[in-house]
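**Q** Sequence first, then the predicted structure:
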Amino acid sequence: MKGKLLSLLLCAVMSGIMLAGCGSGDSGAKESSAGTDKKNVSAEEDGKSYRVGFIVGSREHVFYNLIEDAIKEKCDEIGIEALCYDGELDANVQSNHIENLVAQDVDAIALATVDAAGVGPAIEAADAAGIPVFTFDSPCTTVDCIVCHVGTDNVKGGELGAQECIRLLGDKGGTAGIIGNPASSSCLDRENGFLDIMEKEAPDNVEVSFNGNYQGDANIAASLVQDWLTADPDLGVIFATGDPACTGALASIKAAGADTLIVGYDGNPEAIKAIYAQDEDGKWWVSEISQNPPLIGSTIVEQVYKYLKTGKVDAKNIPIEPYIITYEYIVDNNLMSE
């Protein structure tokens, strides 16, 4: 078990080397702690209106739509003009949006990074132009100029996912698989948290299998799981690092007539609906590590606004705690009645 996990951990670490760290700026007199220029916004400018660009990961994902809705609602509430864009899970698209926002001379930019290495140069260019950059959901880990990041504690989420897989396998043990997406630093954190707990807490009769990169695409996840089940029809449980992977995995598990269980990640409405349907999809999709996209969206707006008015944020990194959703949790909290 330990030898196998060591090789998996090394793979995860090597994948993560391409995604290294993003820092902060100070709104003071065009100067940041990293030595780059920043716009000076004094607390006396209470009547000033701000224009801020927000770039979500992809509007194809319910999770990002929920974040964007919360961003717009909070911006309306406090008087920020929100310029919202779809990143389309493409670093080039995100980079083009950033360049466009710089040309518009917005007061700040906030984005959910889809590929830290790919979008890093555009972020640095925005910083050099004096525009503070924030991240939400997925941090940028290749630059040193991010003012503040707001997102789920994804390492903790991965740990919860591993503990849930161990619980579901029970005394008989079996294979726990993980579907990853190493281009996303958030997913990479989930993988690393999962593997760390498996190394520390999994009994000897639990094996771990890592199944590549689903690239945020449900169809790719379906293909991966189809091949996986052909090689290992008795695969016990899959930890999917994002709900699109769950959707694809569920389709392949049902098509194969397998008994493989799914622990998802995001907490989207489709996941709650699936888990609740005990006689249908809930026979396979049994648990979910849930994020809080509305809180992520509202919090990033609050931090941007505070920084523009005072030159300060509450913290450089603001983690949002994940939690586990099961059928019992759905019933106890009346989630299907909302």
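**A** Structure received.

**Q** Only C-alpha atoms from now on, for both contacts and neighbour counts.
**A** Noted.

**Q** The chain: helices as residue ranges?
**A** 2-17, 62-78, 91-103, 116-128, 154-169, 185-201, 218-231, 243-256, 269-276, 293-310, 327-332 (DSSP state H).

**Q** So what's the gap between stretch 319-326 and the chain middle?
**A** 12 Å (C-alpha atoms, centre = their mean, to the nearest Å).

**Q** Kindly report the domain assignment for the protein.
**A** Domain ranges of the chain: 2-10+154-292+325-337, 21-149+293-319, per automatic domain parsing.

**Q** and Val119, what is it in contact with?
**A** Residues near Val119 by C-alpha atoms under 8 Å, 6 or more residues apart in numbering: Ala91, Asn92, Gln94, Ser95, Thr113.

**Q** Ala126: which of the residues you listed is nearest?
**A** When the contacts of Val119 are ranked by distance to Ala126 (C-alpha to C-alpha), Ser95 comes first, at 10.0 Å.

**Q** what residues are up against Glu124?
**A** Here Glu124 is in contact with Val143, Cys145 (C-alpha under 8 Å, 6+ apart).

**Q** Need the per-residue pLDDT for it.
**A** Per-residue confidence (pLDDT) for Glu124: 98.

**Q** Next: Ala70.
**A** Confidence score, pLDDT, at Ala70: 98.

**Q** Under the pLDDT cut-off, which ranges of the stretch 101-250 of the chain? List them.
**A** Within the stretch 101-250 of the chain, no range satisfies pLDDT under 70.

**Q** change it to 80
**A** Where the stretch 101-250 of the chain drops to pLDDT under 80, the residues are 183, 211-212.

**Q** residues near Leu111, how many?
**A** 28 (other C-alpha atoms under 10 Å).

**Q** correct me, but it touches Phe54?
**A** Yes: counting by C-alpha atoms under 8 Å, Leu111 touches Phe54, with 5.6 Å between them.

**Q** where's Gly157 relative to Gly242, distance?
**A** 11 Å (C-alpha to C-alpha, to the nearest Å).

**Q** In contact with Thr152, which residues?
**A** Asp137, Gln291, Asn292, Ile296, Pro319, Ile320, Glu321, Pro322.

**Q** What distance do you get for the spatially closest residue to it that is not a sequence neighbour to Phe63?
**A** Spatial nearest neighbour of Thr152, chain neighbours left out: Ile320 (4.4 Å); criterion: C-alpha to C-alpha, 6 or more residues apart in numbering. To Phe63, Ile320 is 15 Å away according to C-alpha to C-alpha.

**Q** So between those two, which is more surrounded?
**A** Neighbour totals were compared for Ile320 and Phe63, and Phe63 leads with 22 against 18 (other C-alpha under 10 Å).

**Q** quick one: stretch 160-168 to chain centroid distance?
**A** Using C-alpha atoms, centre = their mean, the offset of stretch 160-168 from its chain centre is 19 Å.
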